[in-house]
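J.: Structure of the sequence below:
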Amino acid sequence: MNAAVRSEYASAGGRHLPRLLAGIHRSEPVSLAEHLALHGPLPAGLWRHAPGLIDLVEQSGLRGRGGSGFPTAAKLRAVSAQRGRPVVVVNAVEGEPVSGKDKVLLRHCPHLVLDGAVAAAAALGARTAFVAVSEDARAEQSAVAQALAERERGELDHGISVTVGLVPPGFVSGEETAVVQAVSGRPAKPTARPPLPHERGVRGAPTLVQNAETLAHLALIARFGPAWFRGLGSHAEPGSMLVTVSGAVQNPGVVEVALGTPLAAIIRDVGGFSERVKALLIGGYFGTWVRAASAAPLVLSDEDLSRVGARLGAGAIVALPDSACALHEVARVARYLAESSAGQCGPCVYGLAAASEALERLARAQAGRSAELDLARVLRQVEGRGACRHPDGAARFLASAMRVFSDEVSEHLTGRCRLRTAGILPLTNGRRR
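T.: Numbering: from 1, shown residues only. Reported below is the predicted structural model:
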């Protein structure tokens with residue numbers, strides 16, 4: 001790495017932002033030459049002492065950025081403990097409609113994600129890695145293919161084979177076991193029973209599945225070390241995070257912020273609210289609604305968000321304006337989540353459909369209090385009984401909506417709601433329908 005680049009990153013003690021999004025300057029992906037000029041190559045010692053990378057990741061405190069927040073080093077060690085040659089899978093499917101961070105990384109910084117996949121493969125002794133991308137993500141596929149061609153010409157990956165694996169689009173397709181199934185040539189449906197991917201994943205091999213953003217962070221930790229990574233965030237939740245902000249804001253998009261940043265500051269980063277806001281959805285469609293007044297003093301950390309029953313999830317924040325009918329918006333998403341079922345268990349197939357139907361009746365001011373009671377009963381029956389996490393996530397989203405929008409529920413029960421019903425929340429691929 002040239003001295004100027006090292007100085008820019010090291011002299012700031014890791015407090016420099018952006019990290020992941022550094023070097024983006026136009027619509028085309030950052031080229032390999034630009035990437036290496038900015039970050040330098042992966043350390044040569046990585047290939048001689050690869051297992052040491054897991055120790056560095058553990059010291060960094062990096063947690064998964066795909067939604068679960070699971071410690072990355074623990075996943076690496078779980079795969080490393082298995083017998084047989086492992087496989088690495090980059091999960092960049094991003095089936096969550098209100099998240100766009102992984103698409104931004106692949107479109108603009110594909111080499112950083114590929115570095116992370118290659119570094120993880122070296123740490124585990126893997127020789128094969130897949131970048132799992134949705135079949136309809138054309139721009140991302142093109143950017144990764146171009147980056148792989150550049151790397152092949154430069155013989156950059158030390159014999160580790162990296163290929164693109166296409167996954168059918170869909171909300172549940174991004175779940176890690178569904179991704180493993182798809183990359184293995186099977187239907188992209190999540191599985192809940194052992195063996196787990198780290199035991200037997202792609203084509204029966206021990207498999208590390210990591211979100212694209214997580215591996216991009218890993219690539220920087222391999223270069224600059226855990227102390228540098230901890231230059232941002234807190235001791236318990238270090239580093240930066242990509243956050244997708246949408247809804248009633250002036251400049252919706254993806255921003256990179258330090259963990260622990262006030263939510264109010266993140267909203268300022270996107271130009272502020274475009275109109276008065278009643279609530280924020282935090283964590284996406286498996287996330288939690290929080291009243292705007294309650295969200296104002298919060299910071300971007302699981303510890304702080306837990307005070308209002310929320311979690312970071314995949315780092316999505318949606319601002320719902322005062323002018324929108326919350327029940328109609330939530331009912332649309334409830335129908336989408338019900339239709340996204342993998343069809344593998346009753347709580348998902350029947351429970352989410354019943355919850356969606358009850359909420360639609362409530363939004364239309366039909367059936368009165370019985371619809372509200374039906375919804376509460378169904379959510380109690382669904383929770384904790386599904387074959388995968390889909391029913392639980394949907395139930396959490398709907399239950400939080402009923403709490404936060406209780407005043408609007410009362411207005412619907414008496415037929416007094418006059419708010420706008422046009423669709424605001426996106427349902428698929430960032431589009432509204």
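J.: And residue 225, how far from residue 17?
T.: 17 Å (CB to CB, to the nearest Å). (C-beta placed from N, C-alpha, C; glycine too.)
J.: Next: residue 83.
T.: Between residue 83 and residue 17 the computed distance is 41 Å (CB to CB).
J.: swap in residue 417?
T.: Per CB to CB, residue 417 is found 42 Å from residue 17.
J.: for residue 142, same thing?
T.: According to CB to CB, residue 142 stands 28 Å off from residue 17.
J.: where along this structure do the strands fall?
T.: Secondary structure of the chain (DSSP state E): strands located at 87-91, 128-134, 161-167, 207-211, 240-247, 253-258, 277-282, 288-291, 316-321.
J.: by contact count, what packs against the second one?
T.: Using 3 or more CB pairs under 8 Å, 6 or more residues apart in numbering; DSSP states H and E, the elements in contact with strand 128-134 are strand 87-91, helix 110-124, helix 138-154, strand 161-167, helix 176-183.
J.: Can you add mean neighbour count, mean pLDDT and distance to residue 289 and give those back as CSV?
T.: Written out in CSV, the entries for those read as follows (neighbours: other CB atoms under 10 Å; pLDDT from 0 to 100; distance: least, CB to CB, whole Å):
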stretch, mean neighbour count, mean pLDDT, distance to residue 289
strand 87-91, 29, 98, 26
helix 110-124, 27, 96, 31
helix 138-154, 17, 94, 30
strand 161-167, 17, 96, 29
helix 176-183, 25, 95, 26
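J.: Of all those, which one is nearest residue 200?
T.: Taking CB to CB, helix 176-183 is the member of these nearest to residue 200, at 9.3 Å.
J.: Compute the inter-axis angle for that closest one and strand 207-211.
T.: Helix 176-183 runs at 110 degrees relative to strand 207-211, counting by axes from the mean of the first three to the mean of the last three CA atoms, to 10 degrees.
J.: what's next to helix 176-183, contact-wise?
T.: 66, 89, 91, 93, 130, 132, 165-168, 172-173, 187-192, 196-197, 201-202, 207, 209, 342, 388 (CB atoms under 8 Å, 6 or more residues apart in numbering).
J.: okay, the angle between that helix and strand 87-91?
T.: Using the same axes, to 10 degrees: helix 176-183 against strand 87-91 is 110 degrees.
J.: Helix 176-183 to strand 161-167, inter-axis angle?
T.: For helix 176-183 against strand 161-167, the angle by the same axes, to 10 degrees is 100 degrees.
J.: centre of the chain versus helix 176-183, how much separation?
T.: Counting by CA atoms, centre = their mean, to the nearest Å, helix 176-183 is centred 16 Å from the centre of its parent chain.
J.: What segments of the stretch 301-433 of the chain are helices?
T.: For the stretch 301-433 of the chain, applying DSSP state H, counting those that start in this stretch gives helices covering 302-305, 326-339, 346, 352-363, 369-382, 390-404, 406-413.
J.: looking at the ones you listed, which is closest to residue 151?
T.: Among those, helix 302-305 comes nearest to residue 151, with 34.9 Å by CB to CB.
J.: Of all the residues in that closest one, which ones are buried?
T.: Neighbour-count burial for helix 302-305, counted by 16 or more other CB atoms under 10 Å, picks out 302, 304, 305.
J.: So what's the residue count around the closest residue to residue 405 other than its chain neighbours?
T.: Counting by CB to CB, 6 or more residues apart in numbering, residue 326 is the residue found nearest to residue 405 once chain neighbours are left out, at 4.2 Å. Neighbour count for residue 326, taken as other CB atoms under 10 Å: 24.
J.: can you check residue 318 too?
T.: Neighbourhood size, residue 318 [other CB under 10 Å]: 27.
J.: beta partners of it?
T.: residue 246, residue 281 (DSSP bridges).
J.: contacting residues for it?
T.: Contact analysis of residue 318 by CB under 8 Å, 6+ apart lists 98, 245, 246, 247, 280, 281, 425.
J.: how much space between it and residue 330?
T.: Distance, residue 318 to residue 330, by CB to CB: 12 Å.
J.: okay but residue 240 is in contact with residue 16, surely?
T.: No. Residue 240 is not in contact with residue 16 according to CB atoms under 8 Å; the separation is 9.7 Å.
J.: When the two are compared, which one has more neighbours?
T.: Applying other CB under 10 Å to residue 240 and residue 16 shows that residue 240 carries more neighbours, namely 26 against 17.
J.: Please report how far that one lies from residue 300.
T.: For residue 240 relative to residue 300 (CB to CB), the value is 10 Å.
J.: for residue 233, same thing?
T.: Counting by CB to CB, the gap from residue 233 to residue 300 is 9 Å.
J.: got any residues that touch both of the two?
T.: 258, 259, 260.
J.: re earlier: of residue 233 and residue 300, who's got more company?
T.: The neighbour comparison of residue 233 against residue 300 (other CB under 10 Å) goes to residue 300, with 24 against 21.
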